[in-house]
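Peer 1: sharing a model that was predicted from the sequence below.
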Amino acid sequence: MAYITLPEGIPGIIGPMIFRPETAKPMNQLVEVLLRGPSSLSSGEREMIAAFTSYRNKTVFCFRSHGAAAAHHLDGNIGLVHQVLEDFESAPVSSKLKALLNIAGKVQQDGKLVTPQDIERAKNEGATELEIHDAVLIAASFCMYNRYVDGLNTFQPEAIEAYFETGKMLAEQGYLNSIPEPQIAE
């Protein structure tokens with residue numbers, strides 16, 4: 001049960017966003033830019049970084065939702081998403097994405113853990129400064145989103161099937177309209 005009065009049965013971040021729509025809008029604008037805006041990284045790669053960060057933070061709603069969105073971008077390859085979450089260094093993804101996930105994993109723990117060698121590895125694998133910036137900001141932002149969801153003890157279904165439609169909707173429609181507008185009483 002959530003620690004504050006949230007809409008009943010509404011999972012994850014959606015309940016707190018309905019509770020406080022003034023903060024939901026800028027949070028959704030940020031995630032829309034980070035995961036779907038113009039970038040040389042694909043939306044699937046960026047969703048993978050978000051899912052990976054959330055997985056490491058053990059925030060079920062976020063890693064399952066963004067993992068499902070990443071899988072949708074990858075033609076439904078949820079197996080690849082699981083490989084990345086469990087052991088990205090041995091997963092069949094690009095060396096550049098592995099280097100960016102390495103940086104994201106360190107940011108998830110503590111931004112001060114990122115070293116010049118981590119940045120050099122990413123650059124040597126072809127990452128641009130903008131891609132490095134975005135990987136760091138995706139990881140940092142999802143730490144905030146994860147703590148928001150967990151700090152309010154929101155409802156987070158465990159069954160992975162519960163997230164397939166959400167992942168598809170996020171991949172196809174994005175984040176700007178993912179939260180219903182508040183109803184104004186007359």
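Peer 2: Alright, I've got the coordinates.

Peer 1: which residue, neighbours along the chain excluded, lies closest to the residue nearest the centre of the chain?
Peer 2: What sits nearest the mean C-alpha location of the chain, by C-alpha atoms, centre = their mean, is A50, with 2.7 Å. In space, and not counting its chain neighbours, A50 is closest to H66: 4.2 Å by C-beta to C-beta, 6 or more residues apart in numbering. The way it works is simple: take the backbone N, C-alpha and C, and place the C-beta from them, glycine included.

Peer 1: so who does the one you found touch?
Peer 2: Residues counted as contacts of H66 (C-beta atoms under 8 Å, 6 or more residues apart in numbering) are 35, 47-48, 50-51, 54, 142, 167, 170.

Peer 1: only alpha carbons, please: show the helix or strand it falls within as CSV.
Peer 2: Assessed by DSSP states H and E, H66 sits inside helix 60-73. Only the C-alpha atoms of helix 60-73 are listed here, as CSV (Å, rounded to 0.1, in the frame of the first residue of the first chain):
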residue,chain,number,x,y,z
VAL,A,60,10.3,-3.3,-10.8
PHE,A,61,7.8,-0.9,-12.4
CYS,A,62,10.4,1.1,-14.2
PHE,A,63,12.7,-1.7,-15.4
ARG,A,64,9.8,-3.8,-16.6
SER,A,65,8.1,-0.8,-18.3
HIS,A,66,11.2,0.5,-20.0
GLY,A,67,12.5,-3.0,-20.7
ALA,A,68,9.2,-3.7,-22.5
ALA,A,69,9.6,-0.4,-24.4
ALA,A,70,13.1,-1.3,-25.4
ALA,A,71,12.0,-4.7,-26.5
HIS,A,72,9.2,-3.2,-28.6
HIS,A,73,11.9,-1.0,-30.4
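
Peer 1: tell me where the model's unsure across the protein.
Peer 2: 180-186 (pLDDT under 70).

Peer 1: please enumerate the helices of it.
Peer 2: In the chain, the helices defined using DSSP state H lie at 14-19, 21-36, 43-56, 60-73, 78-87, 95-109, 116-124, 129-151, 164-173.
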